[in-house]
Every structure is written in C-alpha cells, then in structure tokens.
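Visitor: Quick one, what's the 3D model for this:
(one chain, ligands or ions: 1)
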Amino acid sequence: MIALKQNRYKIGIVCYPTYGGSGVVATELGMALASKNHEVHFISYSQPFRLDVFSDKINFHEVSVPDYPLFEYIPYEHNLTAKLVDVVLHEKLNLLHVHYAIPHASAALSAKQILAAQGIHIPVITTLHGTDITLLGKDKSFKSVIEFAINNSDVVTAVSQSLKKETLDSFNIKKEIQVVPNFIDSNLYKYEKDESLRRSFVSKEEKLIIHISNFRKVKRVQDVLKVFAKIREETPSKLLLIGDGPERFEMEQLCRNLDLCESIRFIGKLKAVEKILSVSDLFLLPSATESFGLVALEAMASSVPVISSNTGGLPEVNIEGKTGFLLDVKDINGMAEKAIELLSDENKLKEFKKCAYKHAMQFDLPNILPMYEKIYEDLSSKVQ
Ligand code: GMT
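Guide: A predicted model of the protein is given here:
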C-alpha cells in the first residue's frame, strides 16, 4: 500500500481504551502522529478515554461484539480480527501498531494472514507494555500465543530495558526487541501553580501527597495508605487518591481502621492529571511491579518527586536520590522515612522537584516520537 505522501502513513492503532498506561501511551501517540499529518485510525471496543481532540486526521472504529446466546464466552479476538481486516482494506492502511500482546497482537497477526491470502501485506508493530508479559505471561496457558505474537510481528518494541529483559527471560523469543520508552508531552505540563486549587486540599502548613492508579492489586494501594499514615505522624499532610478499581473497598476500610478518613480524599478517575499534579508535593508508587511507570513520569513532568518501589522499569524513570527514592517492594518504613526526609527539608524538596522535571524532559514527545516514525519508515521502505 502506498504511503499518503512521503513518510506520512495511514496507521491503525489498536489499544485498550480504559484507564491505564498502555491506553494513554497509544492515544497520546496517535494524537501526536495526527498532529504530524499521519492519518490515524484507532480501533478498539470503545473510544479511548484520553482521546479528546477533534482532528480530520483522527478516526475511531468501534469493535462491536454481538450478544449471541450460543456463546458462553464472547469471541472478542475474532471480532477485532474481522474489524482489522475491514479497516485495513477499506481505509487502505499502511501499517498496524498494536499495543499489548494479547489479544491485540494475536488478532493483528490473524488479520495479517487473512489479508496476505488476498495479496495484501500489512506490517504489524507490537508494543509490549508490561502486564501482558509480567502478569499474563506468567500464566502458562498464554505462553504459546504470546510467543507466536512476538515472534511473528514485523517489529516488536518494549517500553523499558527491564521489560525487554523480562520478555527475553520468560519466553522463547527469536525476534529482536527494540526499546522505545514511554513519553510525555511537555506542553501539557506548563501549568502555573493554582494556589486556590492547592488550598482547597491543604492548609499552608500541610504537604500534598498524591497517588494515581487503577487500584489493582499490583499497585499495592494499601501500602500507599500505610506509608501515608507514617508520614502524617511526622509531617502535616493530606493524601489525594486519583483513580478507581478493584481495591477501592479495601482501601476505604483501611482508611477507617487507620483513622485517616479526614486526611485522605478519593477523587475518582480524572481524564487529565496534570492540573492536580502541578499542586502536589510528592507522588507515592509502591507497586509490586511496573514495566515503566508512566504515571511516575507524569508526576515528574509536573515537578513532583516520586517515592517508588525499586522494581521493573522504575529505576529507568525515577533516579535514586535525585528525582525521588526507590525502596524495596513492601518496605513501608523505608518509603515513609524517605518521604519525611524530603518533605521536612524545603531546600531538598525544591532541588528534587527541579531534578524530577529536568529528568522527565528527556522523555518529551519530540525525543521519542521520531523513534516510532523511524520504525514506520523502515517498514514501509521494505514493503515497497
Ligand atoms: O499499570 C497498569 O495497571 C496498567 C498497565 C496497562 O496495561 O496499561 O500499565 C502498563 O503499561 C504502562 C504503559 O506502558 C506502564 O507505564 C506500566 O508500568 C505498566 N504496568 C505494569 O507493568 C504493572
């Protein structure tokens, strides 16, 4: 298929539309590509939650799943495959960029085979985001499918060196895996500190601590509360919890048991987190594992230092003793100690805020987007 103009492509992006890093990265990538005049087609079961721009270069194709009484389990992967075939054919796409191995890469590879039978070659780029490898990949029943998806994609990328290594260690991989780190768009973070917003949460003497996630077990959200309880013994502060998810009930129980309900606010899911981050002092991310930790990068881009666990790709994002601190998973005392150390020394906190921002800018969109564009260009020149 012929590219739009020189080095401008028609790209199908497949992602999970829900609240989570992989959907955010795929959506931001699509929007950035559209702003560079690529034609972008999002393909998913609902509109990606961060997709909030209107552009003649952005299209959305919904994968609908018919409710058919015969099926006990809905065959979503087949509906997705059929939709991919349809969109590639009718929109004349040049490439498919799929985020997540299961079921997106495997559906894209089925679509690729169906199209090949019709004489159409569609390159598939698979980006691994983490939970597809670190959690799903641990389930042996998926192993052969994940291996096939990775080994048969035209290009495979992983969002961190750690995820690349974990993929190579866990699977029989013959394909080269390129590391393309996640990114932020620095333009979104140019907020003047909104003092009145900050005051609505904390008094002048208090510090504002924040956590954002989908409240799944892997985020160890109870540790966020336990660390905060210890911080509060030493430092007047409040905790904001952004997001929602399966651990919410347990978290509410723990707030009550710790007698901290007055100091903790559950804000719910937010589309844009930049504004609330810009008035925060410290981000807590004690996850059991994190292939990258996009949310830590978002915090740092808002000049918010991060106390995180020292796991997965987090050390590639959060720099020990400079942009924050990294401690062992479950080390609640250690996390609280470092948080208190930082929050009780204004100069140190200022220095960490500056460093966090500076380091985050290495992951600014203009530094990362060309890596994906280069992949598209190389693939397209191979096809022609
Ligand atoms: O972390 C989540 O719960 C969501 C998950 C996802 O699939 O969207 O995030 C993964 O991908 C993000 C974007 O690449 C990474 O920043 C997260 O670290 C990664 N989550 C885990 O590895 C647990």
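
Visitor: would residue 307 count as being in a strand?
Guide: Yes: applying DSSP: H, G, I helix; E, B strand; the rest coil, one finds residue 307 inside a strand.

Visitor: give me the beta-bridge partners of it?
Guide: residue 284, residue 325 (DSSP bridges).

Visitor: and residue 234, what is it in contact with?
Guide: Contacts here follow Cβ atoms under 8 Å, 6 or more residues apart in numbering; on that basis residue 234 touches 340, 344. C-beta here means a position set from N, CA and C on the backbone, and glycine is covered the same way.

Visitor: And it, what's its pLDDT?
Guide: At residue 234, the model reports a pLDDT of 96.

Visitor: Could you list the low-confidence segments of the stretch 1-150 of the chain?
Guide: Per-residue confidence for the stretch 1-150 of the chain (pLDDT under 70) gives these ranges: 1-6, 19, 134-138.

Visitor: any chance you could map the helices in it?
Guide: 21-35, 76-91, 106-116, 131-134, 143-152 (DSSP state H, counting those that start in this stretch).

Visitor: Which one of those helices lies nearest to residue 97?
Guide: With Cβ to Cβ as the measure, helix 21-35 is the member of the helices of the stretch 1-150 of the chain nearest residue 97 (7.7 Å).

Visitor: can you list the residues of the chain near the ligand?
Guide: Residues of the chain lying near the ligand by Cβ under 6 Å from any ligand atom: 20-23, 25, 129-131, 134, 159, 182, 214, 216, 218, 289-294.

Visitor: Look through the chain and tell me its longest helix.
Guide: The longest helix of the chain (DSSP state H) is helix 365-383.

Visitor: what does that one contact?
Guide: 1, 3, 7, 9, 11, 28-29, 32-33, 36, 94-95, 97, 121, 123, 125, 154-155, 157, 178, 180-186.

Visitor: What's the PyMOL line that selects buried ones from the residues you listed?
Guide: In PyMOL, a selection of the buried entries from those looks like this (16 or more other Cβ atoms under 10 Å):
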select buried, resi 1+3+9+11+28+29+32+33+94+95+97+123+125+154+155+157+178+180+181+182+183+184+185+186
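
Visitor: Next one: residue 356 from residue 229, what distance?
Guide: 24 Å (Cβ to Cβ, to the nearest Å).

Visitor: Neighbour count: the two, which is higher?
Guide: Set residue 356 next to residue 229 and count neighbours by other Cβ atoms under 10 Å: residue 356 wins out with 26 against 20.

Visitor: doesn't residue 317 make contact with that one?
Guide: No: using Cβ atoms under 8 Å, residue 356 makes no contact with residue 317, being 10.2 Å away.

Visitor: Show me whatever sits in contact with both of these two.
Guide: Shared contacts of residue 356 and residue 317 (Cβ under 8 Å, 6+ apart): 300, 306.

Visitor: what sits against the nearest residue to residue 53 once chain neighbours are set aside?
Guide: Excluding its sequence neighbours, the residue lying closest to residue 53 (Cβ to Cβ, 6 or more residues apart in numbering) is residue 31, at 5.6 Å. Residues near residue 31 by Cβ under 8 Å, 6+ apart: 40, 51, 53, 55, 58.

Visitor: Now list the buried members of those.
Guide: By 16+ other Cβ under 10 Å, these give 40, 51, 58 as buried.

Visitor: so which of the residues you listed comes closest to residue 327?
Guide: Among the buried ones among the contacts of residue 31, and counting by Cβ to Cβ, the member closest to residue 327 is residue 51, at 35.7 Å.

Visitor: Identify the spatial nearest neighbour of that closest one, chain neighbours not counted.
Guide: Using Cβ to Cβ, 6+ apart, the nearest residue to residue 51 is residue 27, at 5.2 Å.

Visitor: tally of neighbours for the one you found?
Guide: Residues near residue 27, counting by other Cβ under 10 Å: 25.

Visitor: same question, residue 379
Guide: The burial count for residue 379: 17, using other Cβ under 10 Å.

Visitor: which residues sit in contact with the residue of the stretch 101-250 of the chain found nearest the ligand?
Guide: Nearest to the ligand, among the residues of the stretch 101-250 of the chain, is residue 130, at 2.8 Å (Cβ to the nearest ligand atom). Listed by Cβ under 8 Å, 6+ apart, the contact set of residue 130 reads 21-22, 159, 163, 289-292, 312-313.
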